[in-house]
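Visitor: 3D model of this:
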Amino acid sequence: MMDKFNEVVRVAVNQGASDIHLSSSHPVVTRIKGTIQFNNSMKWTPDEIDSLVKKLLSAERINMLRTRRSVDYAITISGVRLRINIFNETSGLSLAIRLLPGNAPSVDQLNLHPSLHQISKLQQGLVLICGATGTGKTTTIAAIIEEINSSRACHVITIEDPIEYRFLSKKAFIQQRELGDHTNSFEQGLMDSLREDPDVIVIGELREPETMRLSINAAESGHLVIATLHATNTEEAIYRLCNSAPFESQDEIRHQISSTLSWLIVQQLTYVKKSELRAPLLSILRGTPSVKALIRENNLQQIENAIQMGKVDGMFTHDRYSKEFLETRSTFIPPSNVFRPSAETLHMPVHHSSIMKSSSHHTETQDAQWGKGENIIIREISNQAIKGSLSIDDNVSIEELFKEYED
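Guide: Residues are numbered from 1 along each chain as shown. Predicted structure coming up:
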């Protein structure tokens, strides 16, 4: 079954596809240059899809699939990095597969404003990349991480769901953790990271209020924290951060945000007519003294005006970014060149420690062994025997317990 799947991936890579869709009893679907195409020569039966899923998923992820009815993770197949979402629908299980570039692209390759190079030089503070799903927030962060990796010696810890781009440590020491495999939640992973000597902490998504508060605390304590947040404008993003704290703590949380916020970028994708391609469209808020004062004093409705007045500080509204950067830029790097799926050039070993195997798995193995030729004797115990059984008193030492048992 894996041979058939490898062939699907190979064909998609050769065709320059960005996505693959596998659905039971349906031709394989690919997206090439933004257009959905059917491959009628390749179909998967429901049994083949089920067998493939069993090959791709660990026991823990299969349990997650049964509970949530979907599972999202990333894997490397035949040297190609894939982000896979497996979900249940009317025809059974289906797979939506995104083919990722073998290496993280650079800021310049993404056609981003050159001022974003400054982020990699920050020693501390909070950097937020905001926007809707599918606007390229994760890729923008990956470009910043790779620039940090190439330019300075520091310790970077990422907490992601899932890990899309893998990094090979260059000047920076990079450790990547994935929800499910390496930590139970963003909150837990963030709390762990603060005890792991980080310089830079990257959080795949700020979802829960506690994760937001911990991120702000981490930035306040001298770390560079880079994260994504679902928000469509700068005011909404700051409101979401403020709402992570209870009403009585609003003054405190605004003071923390104002003292730590360095960059707040809201990213969209827009079609550039003259180049016939899509490029990131950014709104950029910088943590200048005037912006910090607006946040502290809860004048968030004036943030947009501050961006308009902050041209000299490198701030952009979406409109000004489009007019002054996108429309005046002479050349763009085609996304088809950057995002074309390719084999990973790094060779990072992936190891699953035997210590981290779940106790339930250990028990199931033991149960299977016990069922092979072992005689299990079940003996009924009387109430009198139960009353005379060993009980543990907190004030009794282990040695005394053993002596009592032997007597």
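Visitor: same question for stretch 129-136, mean pLDDT?
Guide: Mean pLDDT, stretch 129-136: 91.
Visitor: Please identify the buried residues of that stretch?
Guide: For stretch 129-136, the neighbour count (16 or more other Cβ atoms under 10 Å) marks 129, 130, 131, 135, 136 as buried. No exception for glycine: its C-beta is placed from N, CA and C like everyone else's.
Visitor: could I get the residues you listed as a markdown table with secondary structure?
Guide: Formatted as a markdown table, those follow (DSSP: H, G, I helix; E, B strand; the rest coil):
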| residue | secondary structure |
| --- | --- |
| 129 | strand |
| 130 | strand |
| 131 | coil |
| 135 | coil |
| 136 | coil |
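Visitor: Closest to residue 110 out of these?
Guide: Closest approach to residue 110 among the buried residues of stretch 129-136 (Cβ to Cβ): residue 136, at 7.3 Å.
Visitor: quick one: contacts for that closest one?
Guide: By Cβ atoms under 8 Å, 6 or more residues apart in numbering, the residues touching residue 136 are 110, 267, 269, 280.
Visitor: Which parts of the stretch 101-250 of the chain are strands?
Guide: If DSSP state E, counting those that start in this stretch is used as the criterion, the strands of the stretch 101-250 of the chain fall at 125-130, 155-160, 173-178, 200-203, 224-229.
Visitor: contacting residues around the shortest one?
Guide: Contacts of strand 200-203 with the rest of the structure, by Cβ under 8 Å, 6+ apart, involve 141, 145, 148, 154-160, 172, 186, 190, 193-194, 211, 215, 218, 223-228.
Visitor: let's go with 6 Å and repeat that
Guide: The contact list for strand 200-203 (Cβ atoms under 6 Å, 6 or more residues apart in numbering) reads 154, 156-159, 186, 193, 215, 218, 223-227.
Visitor: swap in the third one?
Guide: For strand 173-178, the surrounding residues in contact (Cβ under 6 Å, 6+ apart) are 155, 156, 157, 158, 159, 160, 162, 163, 167, 183, 189.
Visitor: Of those residues, just say which sits nearest to residue 331.
Guide: Of the contacts of strand 173-178, the one sitting nearest to residue 331 (Cβ to Cβ) turns out to be residue 167, at 28.1 Å.
Visitor: I'd like to know how far that closest one sits from residue 103.
Guide: Note on residue 167: its distance to residue 103, by Cβ to Cβ, to the nearest Å, is 9 Å.
Visitor: Compare those two and say which is more crowded by neighbours.
Guide: Each of residue 167 and residue 103 has its neighbours counted (other Cβ atoms under 10 Å); residue 167 has more, 21 against 18.
Visitor: Flag the shaky bits of the stretch 251-400 of the chain, pLDDT-wise.
Guide: 341-349, 357-400 (pLDDT under 70).
Visitor: Just flag the most distant two among the contacts of residue 136.
Guide: 110 and 269 (10.9 Å).
Visitor: Between those two, which is the more surrounded one?
Guide: Taking other Cβ under 10 Å, residue 110 and residue 269 do not tie; residue 110 has more neighbours (20 against 14).
Visitor: what's the pLDDT at the residue lying closest to that one once chain neighbours are set aside?
Guide: Leaving aside its sequence neighbours, residue 110 sits nearest to residue 143 (Cβ to Cβ, 6 or more residues apart in numbering; 5.7 Å). Residue 143 carries a pLDDT score of 97 in this model.
Visitor: hang on, isn't residue 143 packed against residue 108?
Guide: No - counting by Cβ atoms under 6 Å, residue 143 does not reach residue 108; the two are 8.7 Å apart.
Visitor: more crowded one of the two?
Guide: Set side by side, residue 143 and residue 108 show more neighbours around residue 143, with 24 against 13, by other Cβ under 10 Å.
Visitor: Report the separation between the more buried one and residue 271.
Guide: 21 Å.
Visitor: Also residue 163?
Guide: 30 Å.
Visitor: before we move on, what about residue 1?
Guide: For residue 1, the distance to residue 271 - Cβ to Cβ - is 40 Å.
Visitor: again with residue 131
Guide: Relative to residue 271, residue 131 is positioned 16 Å away (Cβ to Cβ).
Visitor: for residue 307, same thing?
Guide: Separation of residue 307 from residue 271 (Cβ to Cβ) stands at 23 Å.
Visitor: what does residue 305 give?
Guide: Plainly put, residue 305 is 28 Å away from residue 271 if you go by Cβ to Cβ.
Visitor: Check residue 336 too.
Guide: 14 Å.
Visitor: So for those two, which residue has more residues nearby?
Guide: A direct count of neighbours by other Cβ under 10 Å for residue 336 and residue 271 places residue 336 higher, at 13 against 10.
Visitor: distance of the nearest residue to residue 98 once chain neighbours are set aside from residue 97?
Guide: Excluding the flanking residues, the one nearest residue 98 by Cβ to Cβ, 6+ apart is residue 83, at 4.3 Å. As judged by Cβ to Cβ, residue 83 and residue 97 stand 7 Å apart.
Visitor: neighbour count winner among these two?
Guide: residue 97 (23 against 19).
Visitor: Where does that one sit: helix, strand or coil?
Guide: strand.
Visitor: who touches it in this structure?
Guide: So residue 97 contacts 20, 82, 84 (Cβ under 6 Å, 6+ apart).
Visitor: Having no further points to raise, I will conclude here.
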